[in-house]
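In: Next comes the sequence, and after it the predicted model I'd like to discuss.
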Amino acid sequence: MKIWSWKRTWVAAKAPAKAANLQFANVDSIAVLKHAALGDMLLTRPFFLALRQYFPNAKITLSVVDNYQAGIPHDLVDRVHVTLSRQQKAGAMARLRNFRELGPHDLLFDLSAVTRTFWISFLNRATLKIGFQHRRLHRFIYDIALNRTGFRFEAETFLDQLQVLGVDYEWPLHFDYNPGTLDIEQPYLVYFPTASDSYKAWLPEHFTELIKQMLQTHPDYQHILLGGVADWEDQVCQKILQQAGKQANLQYIRGSDKTPALINGATALVANDTGIRNLAIATATPTVGIFISTLPFNYQPRFGLHKVVFAIEGGQPAVAAVTSALEEILLKDS
């Protein structure tokens, strides 16, 4: 196995020799560390599909954290290692044992690069460890560390860790994810108005104006306002519903385990939450992503019908800009 590096790739002195002793067909065991919520977890699917293609004989273990287990690609991995989160009141020795339960592997990929995965990587006896650069810390943990950018779609940055070994991947990215659909006869649009933090969210009155415009110009669609699971998210949706007025083709659905199927069957999704939008991207549902302060390019796939809308000087994007992006998607999708 050869290391394909360039000037910004950090490679330990012994890494080329370690890689040379590994052959794709003879790699028996691979560990992947990804401690993340649903949306980011779904973005790992192209990575695992490439692993399956290039390492057909390897047993793949995915390490996750106990408070984030939604979206685990059980169909693409052989084993799941569950790590203790901070919420678990465990002592240092218990955490150490938990970290070491991952076991030794031929290859280890750290896709998260957070304190917990740094420790797991450091303690693991993997033959070759690959991760992202973090100040100078990576020099004491990995054999290969890549410079991570926020200006490319995140799923692609994961795949960089495979390309350093010469592994290529299919384009456009494939997710091979189908959560089914709901029995909704009329074509429908989904609007998700909240986010993990309020400062990342488009104003509720902007969503109201957008929905009212789309109700008027697209009466042939069902318009579904999707609420999050938190009470404050429900309150935001109730405010939008009240402002929009009662409409026969406007429906409110609160988030549940049926959300993936709902989004999978939608004509398009409008959201400022990156997690729910990543879910749509994984199901090949067209999206309009609204960004207030988060760097948009890390969430902008350059394939499929996906738009990002942001004010170039920062702040709240105009309703007209979001409407225009959504109309462009509907025109291309028709």
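Out: All right, it came through fine. Numbering: from 1, shown residues only.

In: so where do the strands sit in the chain?
Out: Counting by DSSP state E, the chain has strands at residues 10-11, 29-33, 59-65, 79-83, 107-110, 128-132, 144-146, 188-192, 222-227, 250-254, 268-271, 287-291, 306-310.

In: so can I have TSV of the ones you listed showing distance to Phe297, mean neighbour count and mean pLDDT?
Out: Every C-beta, even on glycine, is put in place using the N, C-alpha and C of the backbone. Conversion of those to TSV gives the following (distance: least, CB to CB, whole Å; neighbours: other CB atoms under 10 Å; pLDDT from 0 to 100):
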stretch	distance to Phe297	mean neighbour count	mean pLDDT
strand 10-11	24	17	96
strand 29-33	24	24	98
strand 59-65	26	21	97
strand 79-83	30	16	97
strand 107-110	23	27	98
strand 128-132	17	24	98
strand 144-146	18	24	98
strand 188-192	21	23	98
strand 222-227	25	22	97
strand 250-254	30	15	96
strand 268-271	17	27	98
strand 287-291	9	27	97
strand 306-310	8	20	97
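
In: want to try JSON lines for the ones you listed, with distance to Phe158 as columns?
Out: Listed next are those as JSON lines, based on distance: least, CB to CB, whole Å:
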{"stretch": "strand 10-11", "distance to Phe158": "18"}
{"stretch": "strand 29-33", "distance to Phe158": "9"}
{"stretch": "strand 59-65", "distance to Phe158": "13"}
{"stretch": "strand 79-83", "distance to Phe158": "18"}
{"stretch": "strand 107-110", "distance to Phe158": "8"}
{"stretch": "strand 128-132", "distance to Phe158": "10"}
{"stretch": "strand 144-146", "distance to Phe158": "10"}
{"stretch": "strand 188-192", "distance to Phe158": "24"}
{"stretch": "strand 222-227", "distance to Phe158": "27"}
{"stretch": "strand 250-254", "distance to Phe158": "31"}
{"stretch": "strand 268-271", "distance to Phe158": "22"}
{"stretch": "strand 287-291", "distance to Phe158": "19"}
{"stretch": "strand 306-310", "distance to Phe158": "18"}
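
In: mind checking which of those is nearest Leu326?
Out: strand 287-291 (5.1 Å; CB to CB).

In: now the residue positioned nearest the centre of the chain, nearest residue through space, not along the chain?
Out: With distances taken as CA atoms, centre = their mean, Asp40 lies nearest the centre of the chain, 2.3 Å away. Spatial nearest neighbour of Asp40, chain neighbours left out: Asn278 (6.7 Å); criterion: CB to CB, 6 or more residues apart in numbering.

In: Now do that neighbour against Val114, distance only.
Out: 18 Å (CB to CB, to the nearest Å).

In: who has more neighbours, these two?
Out: Asn278 (27 against 14; other CB atoms under 10 Å).

In: I'd say that one and Leu43 touch.
Out: Yes - if you go by CB atoms under 8 Å, Asn278 and Leu43 touch, sitting 5.7 Å apart.

In: Can you show me the helices along the stretch 101-250 of the chain?
Out: Taking DSSP state H, counting those that start in this stretch to define them, one finds helices in the stretch 101-250 of the chain at 115-123, 154-163, 204-217, 231-244.

In: okay, the ones you listed, which one's buried deepest?
Out: helix 154-163 (a mean of 20; mean count of other CB atoms under 10 Å).

In: what sits up against it?
Out: Helix 154-163 is touched from outside by 4, 40, 43-44, 46-47, 50-51, 54, 109, 111, 130-132, 146, 148-149, 167, 169, 173, 298-299, 301, with contacts defined as CB atoms under 8 Å, 6 or more residues apart in numbering.

In: Show the buried residues in these.
Out: 40, 43-44, 46-47, 50-51, 54, 109, 111, 130-132, 146, 148, 167, 169, 173, 298-299, 301 (16 or more other CB atoms under 10 Å).

In: Who's the closest spatial neighbour of Ala311, skipping the chain neighbours?
Out: In space, and not counting its chain neighbours, Ala311 is closest to Pro317: 4.9 Å by CB to CB, 6+ apart.

In: Show the pLDDT at that neighbour.
Out: Note on Pro317: pLDDT of 96.

In: Check the one 4 residues further on too.
Out: The pLDDT attached to Ala321 in the predicted structure is 98.

In: which residues touch it?
Out: Val309, Ala311.

In: can you rerun that using 7 Å?
Out: Ala321 makes contact with Val309, according to CB atoms under 7 Å, 6 or more residues apart in numbering.

In: swap in Phe151?
Out: Taking CB under 7 Å, 6+ apart, we find Phe151 in contact with Phe297.

In: how close does it get to Phe175?
Out: Relative to Phe175, Phe151 is positioned 22 Å away (CB to CB).

In: again, but for Ile72
Out: From Ile72 to Phe175 the distance is 14 Å (CB to CB).

In: can you count the residues close to the residue lying closest to Lys59 once chain neighbours are set aside?
Out: Of all residues not flanking Lys59 in the chain, Asp78 sits nearest, at 4.7 Å (CB to CB, 6+ apart). Burial measure for Asp78: 12 neighbouring residues, criterion other CB under 10 Å.
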